[in-house]
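>>> model the following, please.
(chains A and B)
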Amino acid sequence: MMSFTHNGVQVEDTFAEGFSMWGSRIIITAASERWANTAASTMTGFATSVIACDCEAGVESTVAAEASPDGRPGVAVMVYGFSKGKLAESMLNRMGQCVLTCPSTAVFNGLPEAEADEMLDVGKSLRFFGDSYQVKMRVGDGWLQRRRFWRIPVMEGEFLVEEKLGAKKAVAGGNFLIMGDSQGATLRAGEAAIDAIHTVPGVVTPFPGGLCRSGSKVGSTYKFLKASTNTPFCPSIKNTLKGSKVPEGVNSVLEVVINGLEERQVVKAMGVGVDAATRVEGVKWITAVNFDGKLGKFKMGLRSSLEGI
Amino acid sequence: MKQLVLTPRGASRIPVEAEAVSPDAVAGKTLEEVKALPVYRGNKAFSLSTFFDVDGKVAEAAEEQHIVVDGDAGHVKYIGKAMTAGRVVVQGDAGMHTGSQMTGGELTVTGSAGDWLGAEMKGGLIRVLGDAGNQAAAAYRGSSEGMTGGCVLVKGSVGSEACSFMRRGMVVVGGGTGPFTGVHMNGGEVFVFGELGKRAGAQAKGNGGFIAGFGGAREVLPTYIYETTYTHTFMRLYLRQLAGNLGVEEAARFIDAPMRRYRGDMAVGGSAEILLAEKE
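Okay, here's the model as predicted:
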């Protein structure tokens, strides 16, 4: 196994295998941070992996009131789907059930048309919830950048949603594994990695708190199960499993999975994440998950990610 | 930008029709050609230099042309008519039809403007630091659509029938408005920081159009139905833009203000809105 050292920790000279997905970003604003966060966390719930979820989603960052479109506290949320259609469907359902229903919220496009590959008519579809009482709102006709919104009457007041939301071909599956000598050390390293990753714009970590403790492998011993626990990286069976990949002295492994709008952003996030994790005492190894380059379009090397930070 | 200065040679009791005072009309010409551009007084044609001293530089393209009318031009009609780009600044008053049918660029009048300011405007930005006459941003008689884009900003007051048949675009009035503001409007946004005149929104159909009044209203037509009073999230976007980008400072005061929502004009089955800020 080829490796190199970073911050005194062995890093396997391998790559994360990413694949293409469609990604979108919205800004949710609300009367207070409490309700912006509530809407964002509700909307991004049950969206860790497309293995069993309709999409992958996460909170990218908070948006200060001064920088948000309507001057209220906001949260930037990103959603990823396997196709434009799937993405639009997931966004429509999630915005309809989780944001429209949340007190005081409004939704703005977070991916301008100039940066997007497609503009999805999600707000335009959501307007029908207004049952013909929705109101079209126009901004900028003939003198500024033209934007369209819909105002939907709701019991509490009015829900404002931008008509079109930007989407683009994005990158999913950036990852690295943190291997530590104890569960505590590995978790601390994972937390440090996530904190660092969230300083990089344009990426999200869809798993709970950004960390995935049960990496998965394709298939299982059961015919009815298409994915199962990542046995080669489970320390609790490392000495009885033939082909275990858990190095000597490692007793806990956590995976960080990163989706981003651009490959360079995902690579940068991997780099800053690995750098932060390797600064925590007790971390022994860092590696990444790939399928020998057979499945994914993107090969994001750990070495190059660290060179880029 | 290249600056061309037109200094009016005094006033005229008979209005002068000067569509030549536009970046599109002068761009690409020599100074001599600009001086010879036709203007009309009554039924006679004259050269531009008959009524203006012409000096400065002419740009190749309209977007690079800055025209300064250096003095009172209240007797000059059609300044900036149908302009597509560039900048025109009138240092004083401007006559009727200023900026009418313009599609782009920026036009500023430091004094007041006559009737039909920005009539049937399609794009661009007009600023009037004084008042404007009747039918500002309106449709010409017989037209089914008035303003379809752009922004008109009048610091003072406007006369009657402002924004008639308005379809899209934005009009901001710092003072009050005369009667029939937004009559027949079918879209577009009207902001009035003074008192909204009588019969506002008469026969308005809706299509997202609204009249927002921040200085009260003389009356609201009985064909407008009061719905409720609440703080509109969408209004924050407009008011922040007015305060932050267009220099309408008083807009900032109303960002969190509750507004009374009226829907109408029910006489035509309309769904336009009149939104009136609660008195502070």
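>>> what's the neighbour count on the residue of chain B found nearest chain A?
In chain B, the residue found nearest to chain A is residue B:149; the distance is 2.3 Å by C-beta to the nearest C-beta. Every C-beta, even on glycine, is put in place using the N, C-alpha and C of the backbone. With neighbours defined by other C-beta atoms under 10 Å in any protein chain shown, the count for residue B:149 comes to 22.
>>> isn't it up against residue B:169?
Yes - the pair residue B:149 / residue B:169 is scored as a contact, 4.7 Å apart, by C-beta atoms under 8 Å.
>>> list the contacts of residue 176.
Using chain A here. Residues in contact with residue A:176 (C-beta atoms under 8 Å, 6 or more residues apart in numbering or on different chains) are A:16, A:193, A:255-256, A:270, A:273-274, A:277, A:286-288, A:302.
>>> nope, chain B please
Contacts of residue B:176 by C-beta under 8 Å, 6+ apart are B:157, B:192, B:194-197, B:215.
>>> that older thread, are any of the contacts of residue A:176 buried, and which?
Listed as buried from these are A:16, A:193, A:255-256, A:270, A:273-274, A:277, A:286-288, A:302; burial here means 16 or more other C-beta atoms under 10 Å in any protein chain shown.
>>> in strands only, show me these.
A:16, A:255-256, A:286-287 (DSSP state E).
>>> what about residue A:143, is that helix, strand or coil?
coil (DSSP: H, G, I helix; E, B strand; the rest coil).
>>> look at it and say how many residues are nearby.
A count of nearby residues for residue A:143, using other C-beta under 10 Å, gives 21.
>>> wait, it sits on residue B:151?
Yes - under the contact definition of C-beta under 8 Å, residue A:143 touches residue B:151, with a separation of 4.7 Å.
>>> overlap of the contact sets of those two?
Overlap between the contact sets of residue A:143 and residue B:151, as judged by C-beta under 8 Å, 6+ apart, is given by B:124-125, B:169-170.
>>> distance to residue B:237, neighbour count and pLDDT for the residues you listed - can I get that in CSV?
Formatted as CSV, the shared contacts of residue A:143 and residue B:151 follow (distance: C-beta to C-beta, whole Å; neighbours: other C-beta atoms under 10 Å in any protein chain shown; pLDDT from 0 to 100):
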residue, distance to residue B:237, neighbour count, pLDDT
B:124, 21, 26, 97
B:125, 18, 23, 98
B:169, 16, 28, 97
B:170, 12, 29, 97
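>>> got the buried residues for the host helix or strand of residue B:243?
When elements are assigned from DSSP states H and E, residue B:243 belongs to helix B:233-245. Buried residues in helix B:233-245, counting neighbours by 16+ other C-beta under 10 Å, are found at B:233-243.
>>> what's in contact with that helix?
The set of residues that contact helix B:233-245 without belonging to it, under C-beta under 8 Å, 6+ apart, is A:69-72, A:104, A:106, A:137, A:139, A:149, A:151, A:157-158, A:160, B:170, B:172, B:189, B:191, B:212, B:248-249, B:251-252, B:254-256, B:259, B:275.
>>> okay, stretch A:167-184 in CSV with CA atoms only?
Only the C-alpha atoms of stretch A:167-184 are listed here, as CSV (Å, rounded to 0.1, in the frame of the first residue of the first chain):
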residue,chain,number,x,y,z
ALA,A,167,-29.1,23.5,-11.0
LYS,A,168,-25.9,22.3,-12.5
LYS,A,169,-24.0,19.1,-13.1
ALA,A,170,-22.1,18.6,-9.9
VAL,A,171,-19.9,16.1,-8.1
ALA,A,172,-20.9,13.6,-5.5
GLY,A,173,-18.9,11.1,-3.6
GLY,A,174,-15.9,13.0,-2.5
ASN,A,175,-14.7,11.1,0.6
PHE,A,176,-12.0,10.0,3.0
LEU,A,177,-11.8,7.6,5.9
ILE,A,178,-10.4,8.6,9.3
MET,A,179,-8.9,5.7,11.1
GLY,A,180,-8.1,6.2,14.7
ASP,A,181,-6.8,4.2,17.7
SER,A,182,-10.1,4.8,19.6
GLN,A,183,-13.6,5.8,19.0
GLY,A,184,-13.1,9.0,20.9
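>>> what's the average pLDDT for that stretch?
Model confidence over stretch A:167-184, given as mean pLDDT, is 97.
>>> could you do stretch A:301-309 as well?
Per-residue pLDDT over stretch A:301-309 has a mean of 94.
>>> look up how far residue B:47 lies from the residue at the greatest distance from the centre of chain B.
In chain B, counting by C-alpha atoms, centre = their mean, residue B:32 sits farthest out from the average C-alpha position, at 31.7 Å. Noted for residue B:32: a distance of 10 Å to residue B:47, by C-beta to C-beta, to the nearest Å.
>>> residue A:159 now?
In this structure, residue A:159 and residue B:47 are 59 Å apart, going by C-beta to C-beta.
>>> so which of the contacts of residue B:176 belong to strands?
Per DSSP E, the subset of the contacts of residue B:176 in strands is residue B:192.
>>> spell out which parts of the stretch 1-150 of chain B neighbour chain A.
B:103-104, B:121-125, B:148-150 (C-beta under 8 Å from any C-beta of the partner chain).
>>> returning to that earlier point: for the record, mean pLDDT for the helix holding residue B:243?
According to the model, helix B:233-245 has a mean pLDDT of 95.
>>> got it, and stretch B:42-50?
Confidence for stretch B:42-50, expressed as mean pLDDT, is 96.
>>> hmm, back to that, which residues are common contacts for residue B:149 and residue B:169?
Contact criterion C-beta under 8 Å, 6+ apart; residues bridging residue B:149 and residue B:169 by contacting each: A:141-143, B:121.
>>> let me have those residues in TSV, extended by pLDDT and distance to residue A:121.
Compiled in TSV, those are given as follows (pLDDT from 0 to 100; distance: C-beta to C-beta, whole Å):
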residue	pLDDT	distance to residue A:121
A:141	88	19
A:142	83	23
A:143	85	24
B:121	98	29
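>>> which one of the residues you listed sits closest to residue A:169?
The closest of the shared contacts of residue B:149 and residue B:169 to residue A:169 turns out to be residue A:141 (C-beta to C-beta; 30.2 Å).
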